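K.L.:
Have a look at this prediction, sequence included:
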Amino acid sequence: MSRIGNSPIAVPSEVEVKVDGQKITVKGPKGTLEREIHKNMTISLQDNVISVKRPNDEPENRSLHGLTRTLINNMVKGVKEEFQRELQINGVGYRVQKQGKKIVLNLGYSHPVEMEEPEGITFEVPNANTIIVKGIDKEAVGQTAAVIRTKRPPEVYRGKGIKYAEEVIRRKEGKAGKK
């Protein structure tokens, strides 16, 4: 049995959940999220508790059970308090600036790299080497942070590039001299 899929989701008082067949809408102080749920999963809302049920123990339904519950839980958390992902820029001359609704990255290329804020996502730049990606949709926050990271992934010899704040770069030793 799925331990994650079987655990109920408690809905906070400031969050409003509406289940309409296979469509779930979650509304809270930070915004509103909607999602279509797979046809095999059954969602029930009783006394501010959401539970997800599956029809049988087929492998597809077992994998969808925990996934569906986690997606709904992330929606409830997201509309109450935003998700965020922090990126750090390492390297001589590498920096970031915020200009209106976009960020400008100087990453050692012959040109600056500009990125617009996607809908529902905000960028914060507390200093020249840090980017904080915020939003209510966990999937969109993670995807946006991953796209920013691809502009200059961290390299293993000097550690230059864009990395997640919690990421640890395993450094490699350079070429050994002749002996």
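P.N.:
Perfect, thanks for sending it.

K.L.:
And residue 127, how far from residue 86?
P.N.:
According to CB to CB, to the nearest Å, residue 127 and residue 86 sit 11 Å apart. Glycine gets a C-beta too; all of them are placed from N, C-alpha and C.

K.L.:
What ranges does the chain have for its helices?
P.N.:
3-6, 59-80, 138-150 (DSSP state H).

K.L.:
And residue 127 and residue 86? Which one has more around it.
P.N.:
Neighbour tally, residue 127 and residue 86, criterion other CB atoms under 10 Å: the higher count belongs to residue 86, 15 against 10.

K.L.:
from what I can see the more buried one touches residue 130, true?
P.N.:
Yes - with contact defined as CB atoms under 8 Å, residue 86 counts as touching residue 130 (6.6 Å).

K.L.:
quick one on the thing from earlier: winner for burial among the helices of the chain?
P.N.:
Most buried of the helices of the chain by mean neighbour count (mean count of other CB atoms under 10 Å) is helix 59-80; its value is a mean of 19.

K.L.:
Remind me what it packs against, helices and strands.
P.N.:
The contact analysis (3 or more CB pairs under 8 Å, 6 or more residues apart in numbering; DSSP states H and E) places helix 59-80 against helix 3-6, strand 9-10, strand 23-28, strand 31-36, strand 49-53, helix 138-150.
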